[in-house]
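Asker: this one's sequence-less:
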């Protein structure tokens with residue numbers, strides 16, 4: 001690890017890297033640190049610079065470019081006692097060449113070690129699951145911790161990225177099983193939600209069908225009732241018209257003969273229906289005497305007609321009060 005950091009350091013800073021040639025051309029994004037009589041004198045900016053021979057010497061050369069440093073694998077233990085092997089990449093930049101040269105012996109190595117220790121400390125505060133969930137937060141915490149210490153070294157840490165996280169095989173297998181179980185649970189939840197929605201839709205459909213069926217039955221009943229009412233009205237109107245025609249026909253010649261014929265026909269028709277509709281039939285004493293039945297019916301009709309004529313032509317003074325006619329009948333009481 002020391003050899004790797006030393007190779008990186010040699011690309012950034014070098015002791016006695018340049019010989020004093022009086023006229024110096026400093027490349028872009030570099031800073032040359034000049035010492036006079038072994039003491040810091042100034043920092044040469046990019047471009048043309050003139051220094052004194054013999055007394056001035058170029059001691060350090062610092063690169064002002066952003067530098068990527070590989071942080072090797074290191075072990076870290078999470079708060080739930082899982083050992084992880086983590087490596088990363090650290091991005092640095094020199095802000096002050098003077099502090100970077102004299103603030104620390106090896107600034108890049110110091111920053112690398114600080115990144116490793118900070119990483120162990122941050123991982124020890126979180127669980128294994130949160131290592132993956134809060135990876136970005138972990139990176140930012142490491143950057144903040146490094147910048148607090150590296151500020152006096154003239155170096156700033158721009159970002160830190162965790163590159164790889166390795167865990168024990170048994171832990172990886174357990175996490176895989178956990179992931180599969182979670183997926184199975186989500187699949188079952190989705191399936192149950194689908195069944196629930198299906199049942200709701202089916203119940204809603206049945207409800208709508210029942211409502212429509214009841215409305216259709218109500219409309220059918222209304223239509224049947226209206227039809228029956230219209231039929232009753234039509235029958236009543238036809239009956240009234242037939243009675244009107246019959247009353248006119250009775251007053252004509254041979255009208256009583258027509259009424260007698262009608263009663264006889266109804267008598268025969270009624271006896272024909274009794275045999276079809278019931279096993280018990282009530283017959284008169286002499287069912288064969290058709291003329292007697294007709295005469296009896298005509299006598300009843302004549303009596304009703306005479307009573308009607310009397311009630312119409314009877315003087316109003318001789319009429320009895322209405323309340324005397326509407327008495328209540330009680331068995332055993334004489335009236």
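Answerer: Ah, there it is. Note that the structure is a prediction, hence the values are computed from the model and not measured.

Asker: tell me the helices and strands packed up against the helix or strand where residue 243 lies.
Answerer: Assigned by DSSP states H and E, residue 243 belongs to helix 169-250. Where contact means 3 or more C-beta pairs under 8 Å, 6 or more residues apart in numbering; DSSP states H and E, helix 169-250 is packed against helix 255-277. The C-beta positions use only the backbone N, C-alpha and C, and glycine is treated the same way.

Asker: how many residues are close by residue 19?
Answerer: Residues lying near residue 19 (other C-beta atoms under 10 Å) number 8.

Asker: nearest spatial neighbour of it, skipping sequence neighbours?
Answerer: Excluding the flanking residues, the one nearest residue 19 by C-beta to C-beta, 6 or more residues apart in numbering is residue 58, at 7.5 Å.

Asker: if that neighbour is in a bridge, with which residues?
Answerer: residue 34 (DSSP bridges).

Asker: my read is that it contacts residue 33, right?
Answerer: Yes: because the distance of 7.3 Å satisfies C-beta atoms under 8 Å, residue 58 is recorded as touching residue 33.

Asker: touching both of those two, which residues are there?
Answerer: Counting by C-beta atoms under 8 Å, 6 or more residues apart in numbering, the contacts common to residue 58 and residue 33 are residue 44.

Asker: just the pLDDT for residue 195.
Answerer: On pLDDT, residue 195 comes in at 91.

Asker: now it: how far from residue 109?
Answerer: Separation of residue 195 from residue 109 (C-beta to C-beta, to the nearest Å) stands at 63 Å.

Asker: who has more neighbours out of these two?
Answerer: Remark: of residue 195 and residue 109, residue 109 carries more neighbours, 18 against 10, as counted by other C-beta under 10 Å.

Asker: secondary structure element for that one?
Answerer: helix 107-123.

Asker: go through that helix and flag the buried ones.
Answerer: 107-112, 114-116, 118-119, 122-123 (16 or more other C-beta atoms under 10 Å).

Asker: chain center to whatever helix or strand comes next after that helix: distance?
Answerer: Note on helix 107-123: by DSSP H and E, the next helix or strand toward the C-terminus is helix 128-133. How far helix 128-133 lies from its chain's middle: 30 Å, per C-alpha atoms, centre = their mean, to the nearest Å.
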